[in-house]
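>>> when you get a sec, could you give me coordinates for this:
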Amino acid sequence: MDWTTLPSLSALRAFAAYAQSRSVAKAGAALNVSHAAISQHLRALESDLGVALLDRSGRRMELTAEGETLARALLDGFGQIATTVEALTGADATRPLQISTTPTFASAWLMPRLSQFREKHPEISLTIDPSATVQTPEPGGIDVALRYGQGDWPGLEAELLVRSPIVVVAAPTLVGTREISSPADLREYHWLQELGTNEATDWFALHGVDRDAGHGYASLPGNLMLEAARAGRGDRHHRGDFRGAGRRGRAAEDSL
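Residues are numbered from 1 along each chain as shown. As a prediction, the model looks like this:
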């Protein structure tokens, strides 16, 4: 490697911090420098590379295609460095294992198993974020994300936790005595799905049914979705496999 061809490390750090936060002020706070210093580093890096990394034509500064490419490389590289340093110094050993999952899965599957996990791993502290917001596992942040999906998430190691059948349910007050013999018979109902998922859309697509968009969907937190389904305000369904995905190098999720 020709080290003399690389841009200033300070400029690369400033650009990576900006790319991660998409804010000059937040990048400055993360690196403990002024936002003016971040702006100077960004312009110096573009000048050094001879490439436009930022599009400043709009009201908000955005990364160009070249900027996105460099940002991915830097964040991956700095992430690996941070992980290695934590492993060498032991700084990561005492930090709680941070888990992100949906509220319904947290209450119905994860919580009943925590006592067993504590018995096996009393030395591991846990922080559980029951939110529909999808957060990317990264060094110093979320370690494990439990989500519905096929497990083909780039850059993450995924392990199947629960395989469950697809079940469609509705309150008797909603469907009455109507005979339902095929997925197409459910097109006219308003559907409920858990916030942060696209289960209803996937279910109809799986059965080759063109969903009538005029009846729409309602995306709700898990507990509200159950209450709405029981009250006859729509159909509710449950689908698919639940998988745990985490950044490489952090263990213990397989014991949950």
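>>> thought F105 was touching A132?
No. When contacts are counted by C-beta atoms under 8 Å, F105 is not listed as touching A132 (10.4 Å). C-beta: built from backbone N, CA, C; applies to glycine.
>>> and for the nearest residue to N223 once chain neighbours are set aside, the neighbour number?
Once flanking residues are discounted, N223 sits nearest to P103: 6.7 Å by C-beta to C-beta, 6 or more residues apart in numbering. When neighbours are defined as other C-beta atoms under 10 Å, P103 has 19 of them.
>>> equivalent analysis for G79, please.
Counted with other C-beta under 10 Å, G79 comes out at 20.
>>> helices along the chain, start to end?
Under the criterion DSSP state H, the chain carries helices at the ranges 9-21, 24-31, 35-49, 65-89, 103-105, 114-120, 172-175, 199-206, 222-230.
>>> export those helices as JSON lines, with columns for mean pLDDT and distance to Q150.
Shown next, in JSON lines, are those (pLDDT from 0 to 100; distance: least, C-beta to C-beta, whole Å):
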{"stretch": "helix 9-21", "mean pLDDT": "93", "distance to Q150": "27"}
{"stretch": "helix 24-31", "mean pLDDT": "93", "distance to Q150": "33"}
{"stretch": "helix 35-49", "mean pLDDT": "93", "distance to Q150": "37"}
{"stretch": "helix 65-89", "mean pLDDT": "87", "distance to Q150": "22"}
{"stretch": "helix 103-105", "mean pLDDT": "82", "distance to Q150": "17"}
{"stretch": "helix 114-120", "mean pLDDT": "91", "distance to Q150": "26"}
{"stretch": "helix 172-175", "mean pLDDT": "83", "distance to Q150": "31"}
{"stretch": "helix 199-206", "mean pLDDT": "78", "distance to Q150": "10"}
{"stretch": "helix 222-230", "mean pLDDT": "78", "distance to Q150": "21"}
